[in-house]
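[1] Take a look and give me a structure for this.
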Amino acid sequence: MVSTSGTDRLINVWITGEGIEFKSEDSAAQYRQRARRLLDAVQLREPDRVPVCPLVGFFPVYYAGLTVQEAMYDTANACHAWEKYVLDFRPDAFQGPGLVWPGTALELLDYRLMRWPGHGTPPDIPYQYVEGEYMKPEEYDALIDDPSDFWLRHYFPRIFGSLAPLAALPPATDPIAVGNFIPFGTVEVRRALEAALAAGEELSRWAATVRASEQRLQARGFPKLSGGVALAPFDMLGDTLRGMRGIMMDMYRRPEKLLQALDRLTPLAIRMGVSSARSAGHPIVFIPLHKGADGFMSSRQFETFYWPSLKNTVLGLVAEGLIPLLFAEGGYDTRLETIRDLPPGRVIWLFDQVNMRRAKEVLGGMACIAGNVPGSLLALGTPEEVRRYCRELISEAGRGGGFILSSGAAVDQAKPENLRAMIEAAGS
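    Numbers count the residues shown, from 1 in each chain. Coordinates of the predicted model:
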């Protein structure tokens, strides 16, 4: 049985805009109307109209005439681009520029898990993640026994070049604690700590600028779509530790260790979502799903390795009064019956590529569904084609409520007139 203690408190903070210094009474009324519209859809009620919340990637950057490199090295300009997008297009909710990572901080850390403009990609191309085997197959026991120690002494030194000297540190759980500080006297460890401090200062300035921008938009009447973030335990392992090839091999070569690791990471995924949501004062937790899509693994493998730990993560977040927003990247048609097994009216499934008519049939009455407007249509179609597609989607998936109109994937390149047609389609 799922506890809902604390649910009303955090949801009320979000939908009432508690703590927001609104520009006017009209801005406050618009904020509450938009937030209520979203909440009605989430809780499977029929709102005054279908809410529309495009999942934008770097579209605001391009729309403002910036390059990705300029946005990553000038946070104030990136924030101005986001504010211009929101105020010009007026979606029901927005995601801020929090994924436009500051390039200076990445340089200070010598980040190996990403290529970005000037460091592997051209100035106008968004950053790209570099999967690799950052955890060796024989290191499962080390991860399971002490995840924090593994992160500090093994994972961080591999993905942050500036922190490589931390590999020389002894385990933090060694009982003779005084001797643990000997490595801190070395020049190499001192330089690593100096790099960490410099990156922390840079990230603090970045976070403060982003937060101020988001507050300005909220004050103008636009709620944020989500506040927290979490990861599926399988993706925590597959995206950043074992890599695609490694974790797929692990399903065959060491399934027991993989399952143990997923169980170990599940409470960490829950804690990540809870802490970030509470810090933001927002009940919706964004969870991008990567390796559970159709074609990545069989249905049996999905039900064995991917879904149980993800389901437990979702239930853990729901028990804390939160609303998981599961972004199912890729196809999910073969997963619909399985993912139906969640508390009704407590989650959002944002689909990239799925048969939305069937998704409505299977999940209707159980979960709010969203997404499925193709990025290719927004980039290459005409406004009339976009309007027609969105109206048909609303008629199929929006009947009876429980639907949010959104793009199927993060929008980078799109014709402004097409994105505007998508937003206008929700109100027509």
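[2] Tell me how many other residues surround residue 155.
    Each residue near residue 155 was counted by other CB atoms under 10 Å, and the total is 22. No exception for glycine: its C-beta is placed from N, CA and C like everyone else's.
[3] residues in contact with the closest residue in space to it that isn't next to it in sequence?
    Counting by CB to CB, 6 or more residues apart in numbering, residue 155 lies nearest to residue 134, which is 6.1 Å off, once chain neighbours are set aside. By CB atoms under 8 Å, 6 or more residues apart in numbering, residue 134 lies in contact with 113, 155, 158, 159, 240, 241, 242, 243.
[4] Show me these that map onto helices.
    If you go by DSSP state H, these have 158, 159, 240, 243 in helices.
[5] Neighbour-wise, give me the winner out of those residues.
    Neighbour counts for the ones in helices among the contacts of residue 134 peak at residue 159, which has 20 neighbours (criterion: other CB under 10 Å).
[6] isn't that residue right up against residue 110?
    No: Residue 159 sits out of contact with residue 110 when judged by CB atoms under 8 Å, with a separation of 9.3 Å.
[7] Determine the longest helix present in the protein.
    Longest helix in the chain, counting by DSSP H: helix 187-219.
[8] sorry, back to before: which one in the contacts of residue 134 is the model shakiest on?
    Lowest-confidence member of the contacts of residue 134: residue 240, scoring 90 (pLDDT).
[9] quick one: that one and residue 112 touch, right?
    No: using CB under 8 Å as the test, residue 240 is too far from residue 112 to be in contact (11.1 Å).
[10] Quickly list what's touching both of those two.
    By CB under 8 Å, 6+ apart, the residues touching both residue 240 and residue 112 are residue 159.
[11] quick one: the longest strand anywhere in the chain to chain centroid distance?
    For the chain, the strand that runs over the most residues, judged by DSSP state E, is strand 323-331. In terms of CA atoms, centre = their mean, to the nearest Å, the centre of strand 323-331 is found 9 Å from the chain centre.
[12] thinking again about what came up before, in JSON lines: the contacts of residue 134, plus distance to residue 54.
    Below are the contacts of residue 134 laid out as JSON lines (distance: CB to CB, whole Å):
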{"residue": "113", "distance to residue 54": "27"}
{"residue": "155", "distance to residue 54": "34"}
{"residue": "158", "distance to residue 54": "36"}
{"residue": "159", "distance to residue 54": "31"}
{"residue": "240", "distance to residue 54": "27"}
{"residue": "241", "distance to residue 54": "32"}
{"residue": "242", "distance to residue 54": "33"}
{"residue": "243", "distance to residue 54": "31"}
